[in-house]
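> 3D, please:
(chains A and B)
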Number of protein chains: 2
Amino acid sequence: MLADQPFLRIPGPTPVPPSVQRAMNQPMIGHRDQETKDLLHRIKPKLKPVFGTDQDILMIAGSGTGGLETAVVNAVRPGDEVLVIVTGAFGDRFAQICTEYDITMHRIDVEWGEAAEPETVETYLKQHPEIKAVFATFCETSTGVLNPVYELSQVIKQQSDALFIVDGVSAIAGAEMKMDDWGIDILVTGSQKAMMLPPGLTFATVSERAWDVIENNKRPSFYFDLTKYRDQLENDSTPFTPAISLLFGLEQVLSLIETEGLGAVYNRHLTMMNMTRAAFKELGIPLLTSDKAASPTVTAIAPTDFDPEALRKVLKNEFNLTVAGGQKHLKGQIFRIGHMGYCSPADMLQTIGIIEVALNKIGKPIELGSGTRAAQEILLGGS
Amino acid sequence: MLADQPFLRIPGPTPVPPSVQRAMNQPMIGHRDQETKDLLHRIKPKLKPVFGTDQDILMIAGSGTGGLETAVVNAVRPGDEVLVIVTGAFGDRFAQICTEYDITMHRIDVEWGEAAEPETVETYLKQHPEIKAVFATFCETSTGVLNPVYELSQVIKQQSDALFIVDGVSAIAGAEMKMDDWGIDILVTGSQKAMMLPPGLTFATVSERAWDVIENNKRPSFYFDLTKYRDQLENDSTPFTPAISLLFGLEQVLSLIETEGLGAVYNRHLTMMNMTRAAFKELGIPLLTSDKAASPTVTAIAPTDFDPEALRKVLKNEFNLTVAGGQKHLKGQIFRIGHMGYCSPADMLQTIGIIEVALNKIGKPIELGSGTRAAQEILLGGS
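Numbers count the residues shown, from 1 in each chain, chains lettered A, B, ... in the order given. As a prediction, the model looks like this:
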């Protein structure tokens, strides 16, 4: 095994492109100096299309979970009732945060591996008109499901005035997002997924109607108070010292996305999803999710006749290829391949090729090359 | 002016050493993989001497202010009364956070530029035995004061059972800190000061008696819940995705500190402080703080016969040297030189040399070389 050739194919953190790495190596600058203002001024407009919004994208130093908590503490007023749609571990995290804050929470649990159904949400909201905010996960990282947030938004808007708050952590910059057109009120994400940066930066953006709620909210947080970030960003600044090296990298990420074209970025992710799914179908190894529910950024595989942990061990030890295991009750039941950010169809051919060899090594005899060929056919077909 | 030679001499963010920059360029790793566990396992013991404690140092992705809020939400129970000692902008930030949380707050305001007096705190605590926590700032970045936290701790311990909570943001790894011996209960700091890293990581460490309080506290925070970080770090992990590139850098920072020797690091900072102070005394330009109150990491200069903003402008535009201005009511009244982290006595000779030239340019005629010579004499004398 070549020592210095790690393959990181988990659903985040993801590999950092060399040019982004170089951008992060720029000499440190003062966070109150003109250089930082200029940097934020350049970044601001380029972030908006990635989120599909005309609103400013606010940047907070912290993990994605900090972003989820930010959404909760800003948008939910004491006494408000909320609905959390849980399709996996990260929907559950929204619920945990609401619990921590003693919020009156309704919860729709969807079987892990399936997407939320708009009809279920519609019926629930009809019965509970008092609900003031609905929380959902766009890509549920733990299962590889892409929830239909546009359709969910439509039924929410029809039934109530509730805010629609979406965790976009492992989707934004990998899956199409039209926040304004789709009627999403608060959208948060993290840096270490399709945004191609190291972890440590979380993003939040807010609709006009959500700002109205936030303005009238007594927030029990100082650091996560979004009004501070909004007011400062209007002057190309931040309320607290920003993660400057990540901002250096972010500018280059946005330049890479602009060069490739956002539509091409989304298509690349769809191609990688289709390649991965075609390969495992060809190999006769079950996928956790349906085609309809599948996320372009991560694919979960649920084998029935071999131990996914045995496969992961061989991939890691013999090929330096890291794929993710299952979380919570799916631990030991599935493995997950991240195909987002700095990852190409060519990388997926390599990943699938390695997995085919490793499957034979763990005593799961498959026809070598058959999965790869199925993926190649997708790539050749251009879909 | 050489284009690619910036001099960043503000009290944070500070320059990042080349070897630390290189360490941060390591390929990304999975936050739940063995590599991250191994990294945290190596970092843990090496952090302890820097904080002067046997306790684990908890690491949170976020700005220093996130660390301050973490201390407040974990240590203060609803209904508790606290005392905040305010000696400048960052003491005031502790107070702002307490205000945000509707905490019953007592406040001792010290004139900016002076250090807190233990006697005043002693008298106050005698009159207010109900106070459950005392907040102080070790180095007050806005004035260059190093508050006498050991002496403060002694009077607090004599008068009450109150927890003593210290903001070490612009001091830790630059000024001697013996958390355990000095009886500090919670100590927080940030990455972008004497810790020689980019901003984005905040550190917190907690005494046994403070853990007892925290255990019995209902915290209104999910992300900043220190018990989660403690429980995970015991298994060399973190509750949420850590700022991995900063952890890569941190390991190298700790190696640099170990190589130089912590005592030598502290002496280097004292030498830089003494050089800076000697230079401005020789130039007849007043310092904001007394020798006794001075911090080894940042020096504030309070000129009476020239505009510090005019000096900062020439330094920036003609020499690419950034020093900080004053904050709040000291804006336009002072300038501040950061001498911490990746900064040497040789750098201070350069900084002082440039400032002497710039002073003449703005019409403040001083004898060229006289301040430099005073600094050199300190360096030659080894103090």
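> could you pull out the strands for the stretch 101-250 of chain A?
For the stretch 101-250 of chain A, the strands defined by DSSP state E, counting those that start in this stretch cover A:104-109, A:131-137, A:139-140, A:145-146, A:163-167, A:186-190, A:201-206.
> how about A:D181: what's its closest non-neighbour residue?
In space, A:D181 comes closest to A:G52 once its chain neighbours are excluded; the distance is 6.7 Å by C-beta to C-beta, 6 or more residues apart in numbering or on different chains. Every C-beta, even on glycine, is put in place using the N, C-alpha and C of the backbone.
> ok, back up a step: okay, the strands of the stretch 101-250 of chain A, which one's buried deepest?
Comparing these by mean neighbour count (mean count of other C-beta atoms under 10 Å in any protein chain shown), strand A:139-140 comes out on top with a mean of 33.
> pipe the strands of the stretch 101-250 of chain A into TSV and attach mean pLDDT per row.
Written out in TSV, the entries for these read as follows (pLDDT from 0 to 100):
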stretch	mean pLDDT
strand A:104-109	97
strand A:131-137	98
strand A:139-140	98
strand A:145-146	98
strand A:163-167	98
strand A:186-190	98
strand A:201-206	98
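> same list (those) but as a markdown table, adding distance to B:S207.
Converted to a markdown table, these look like this (distance: least, C-beta to C-beta, whole Å):
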| stretch | distance to B:S207 |
| --- | --- |
| strand A:104-109 | 35 |
| strand A:131-137 | 37 |
| strand A:139-140 | 40 |
| strand A:145-146 | 44 |
| strand A:163-167 | 36 |
| strand A:186-190 | 32 |
| strand A:201-206 | 30 |
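> tell me how many other residues surround the residue nearest to A:D181.
Close neighbours of A:G52, defined as other C-beta atoms under 10 Å in any protein chain shown, add up to 18.
> and if you look at A:E176?
Other residues near A:E176 number 17, with proximity taken as other C-beta under 10 Å.
> that one against A:V265, yeah?
No - counting by C-beta atoms under 8 Å, no contact exists between A:E176 and A:V265, whose distance comes to 9.4 Å.
> residues contacting the nearest residue to A:R373 once chain neighbours are set aside?
Distance criterion C-beta to C-beta, 6+ apart; nearest residue to A:R373, sequence neighbours excluded, is A:E282 at 7.3 Å. By C-beta atoms under 8 Å, 6 or more residues apart in numbering or on different chains, the residues touching A:E282 are A:370-371, A:373-374.
> A:E282 and chain B, how far apart?
Distance, A:E282 to chain B, by C-beta to the nearest C-beta, to the nearest Å: 27 Å.
> verify the contact between the residue nearest to A:D181 and A:M179 for me.
Yes - with contact taken as C-beta under 8 Å, A:G52 and A:M179 are classed as touching, separated by 4.5 Å.
> and the helices in the stretch 251-383 of chain A, which stretches?
In the stretch 251-383 of chain A, the helices defined using DSSP state H, counting those that start in this stretch lie at A:262-283, A:308-319, A:345-361, A:370-381.
> measure how buried A:L270 is and give me the count.
Burial of A:L270 is recorded as 18 neighbouring residues (other C-beta under 10 Å).
> these two touch, right, A:Q252 and A:S19?
Yes - look at A:Q252 against A:S19 with C-beta under 8 Å: they come within range, at 5.5 Å.
> which one of the two has more residues nearby?
Set side by side, A:Q252 and A:S19 show more neighbours around A:Q252, with 21 against 14, by other C-beta under 10 Å.
> what residues are up against that one?
Listed by C-beta under 8 Å, 6+ apart, the contact partners of A:Q252 are A:17, A:19-20, A:22-23.
> quick one: pLDDT of the residue lying closest to A:D231 once chain neighbours are set aside?
Across the structure, with C-beta to C-beta, 6+ apart as the measure, the residue nearest A:D231 apart from its sequence neighbours is A:P239 (7.8 Å). Here, the pLDDT recorded for A:P239 equals 98.
> again, but for A:G79
At A:G79 the predicted local distance difference test score is 85.
> and it, what does it touch?
Under the criterion of C-beta under 8 Å, 6+ apart, the neighbours of A:G79 are A:T104.
> quick one: stretch A:3-19 near chain B?
Yes - on the criterion C-beta under 8 Å from any C-beta of the partner chain, stretch A:3-19 is in touch with chain B at A:6, A:8, A:10, A:12-16.
> repeat for stretch A:29-38
Yes - under the criterion of C-beta under 8 Å from any C-beta, chain B is reached by stretch A:29-38 at A:29-33.
> farthest pair in those residues?
Looking at these by C-beta to C-beta, the two members farthest from one another are A:I29 and A:R32, with 9.7 Å of separation.
> so between those two, which is more surrounded?
Applying other C-beta under 10 Å to A:I29 and A:R32 shows that A:I29 carries more neighbours, namely 21 against 17.
> now that one. Nearest residue, chain neighbours left out?
Residue nearest to A:I29 in three dimensions, not counting chain neighbours: A:E35, with 4.2 Å by C-beta to C-beta, 6+ apart.
> over to A:D225?
A:R219 (5.3 Å).
> return the distance of the one you found relative to A:A204.
In this structure, A:R219 and A:A204 are 13 Å apart, going by C-beta to C-beta, to the nearest Å.
> and A:I172, by the same measure?
From A:I172 over to A:A204 (counting by C-beta to C-beta), the distance is 11 Å.
> shared neighbours of the two, anything?
Going by C-beta under 8 Å, 6+ apart, residues that sit against A:I172 and also against A:A204 are A:L187.
> list the buried residues in stretch A:3-15.
The neighbour-count check on stretch A:3-15 (16 or more other C-beta atoms under 10 Å in any protein chain shown) flags A:6-15 as buried.
> wait, doesn't the residue nearest to A:D231 sit right on A:L226?
No - no contact is recorded between A:P239 and A:L226 when judged using C-beta under 8 Å, the distance being 10.0 Å.
> okay, those two: which has more neighbours?
A count of neighbours by other C-beta under 10 Å puts A:L226 above the other of A:P239 and A:L226, at 24 against 19.
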